[in-house]
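Colleague: Give me a model of this one.
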Amino acid sequence: MKKWGLILFSLILVGLTVFITLKQKNITHIFYSTFGVTIPSNAKLLGIDVSHHQGNINWNEVENMKINGDAIQFVYLKVTQGTFHKDRKYKTNRTILDSKALKVGVYHFFSPNRDVVKQVKHFTNNFKRTTLKPVLDIETVGNLSKKEIVAAVLRFLNETEKRINVRPIIYTYSSFYKDYFKGTPLESELFWIANYGSACKICEQDNVIAWQFSEKGTINGISEKVDLNSAKSNFWDNAIWK
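Modeller: This is a model prediction of the structure:
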């Protein structure tokens, strides 16, 4: 019994060693036969957005994935949140993507109850210029009123433009847009809208240049589900940081 116990222990130890070694080498060889969801028929471009939630990513496999003529052409990386948080995978992903053909942008997750100017400084101090314009991701209101939310977002856009000479695109959900931005001075800004229905009425507006149509995409080289985005033919004209 002692002998078999020793053998079992040894096998477990070997298995753990192999697992840890693979994790350390960041090996992510995952291949899918589809993108996991139906691609909108009017999609001109496909893109993804990722953060540390997607874990270790094999960007070679992401870049080489092509199904029925569709391929990922742009990527947005989370950089910061609030006034202190930094995404722990940003630097690794950015370093690799800087050598790829994929067009890259970055985003900041907005914390409504945090100082706006401090958030702008935190964001702009933690990334270098990208191919695509930066994005402000706003999904919650905290304890702010509609008027205060609009003022805070306007200030974020203005302060960012003042610091790095580019005005961010706004990412939000279609319901958030309707409740807080429609009919306000923000209505004419460039938007990237999340709507997981089969159609996105708001996305027909000229200033909505991208539609996040699913949060359940499957992408080669990424072990977790991924947000999938469809961009219009005017996306490059509006989203490229010139």
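Colleague: Tell me the buried residues in the lengthiest strand in the chain?
Modeller: When the chain is parsed with DSSP state E, its longest strand is strand 70-81. Within strand 70-81, the residues that count as buried by 16 or more other Cβ atoms under 10 Å are 72-81. For the C-beta atoms, the positions are set from N, CA and C on the backbone; glycine is no exception.
Colleague: Can you show me the helices along the chain?
Modeller: Assigned by DSSP state H, the helices in the chain fall at 2-24, 59-64, 90-97, 116-124, 146-164, 174-176, 235-239.
Colleague: for stretch 39-55, what is the average pLDDT?
Modeller: Over the span of stretch 39-55, the pLDDT mean works out to 95.
Colleague: Mind listing what's buried along that stretch?
Modeller: Under 16+ other Cβ under 10 Å, the buried positions of stretch 39-55 are 39-40, 45-51, 54.
Colleague: of the residues you listed, closest to residue 180?
Modeller: Nearest to residue 180 among the buried residues of stretch 39-55, counting by Cβ to Cβ, is residue 49 at 21.0 Å.
Colleague: I figured that closest one hits residue 72, correct?
Modeller: No - Residue 49 lies out of contact with residue 72 (Cβ atoms under 8 Å); the separation is 10.9 Å.
Colleague: what residues does stretch 142-157 touch?
Modeller: With Cβ atoms under 8 Å, 6 or more residues apart in numbering as the test, stretch 142-157 has contacts from 110-113, 116-117, 119-120, 136, 138, 141, 167-168, 170, 179-181, 184-186, 189.
Colleague: make it 6 Å
Modeller: Stretch 142-157 is contacted by residues 112-113, 116, 120, 136, 141, 167-168, 180, 184, 186 when judged by Cβ atoms under 6 Å, 6 or more residues apart in numbering.
Colleague: ok, residue 187 - how many residues close by?
Modeller: Using other Cβ atoms under 10 Å, residue 187 has 13 neighbouring residues.
Colleague: what's the answer for the one 5 residues further on, then?
Modeller: Using other Cβ under 10 Å, residue 192 is surrounded by 26 other residues.
Colleague: ok, now residue 193?
Modeller: Counted with other Cβ under 10 Å, residue 193 comes out at 24.
Colleague: Could you list everything residue 103 pairs with in the sheet?
Modeller: residue 74 (DSSP bridges).
Colleague: quick revisit: same list as before, the buried residues of strand 70-81 that is, but in CSV and with pLDDT and distance to residue 104 included.
Modeller: Converted to CSV, the buried residues of strand 70-81 look like this (pLDDT from 0 to 100; distance: Cβ to Cβ, whole Å):
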residue, pLDDT, distance to residue 104
72, 98, 11
73, 98, 11
74, 98, 7
75, 98, 5
76, 98, 8
77, 98, 7
78, 98, 12
79, 98, 11
80, 98, 16
81, 98, 19
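Colleague: give the contact list for the residue most central in space within the chain.
Modeller: Against the mean C-alpha coordinate of the chain, by Cα atoms, centre = their mean, the closest residue is residue 49 at 2.4 Å. Applying Cβ under 6 Å, 6+ apart, one finds that residue 49 lies in contact with 76, 227.
Colleague: The one 4 residues further on now?
Modeller: The neighbourhood of residue 53, defined by Cβ under 6 Å, 6+ apart, contains no residues.
Colleague: Cool, thanks, talk later.
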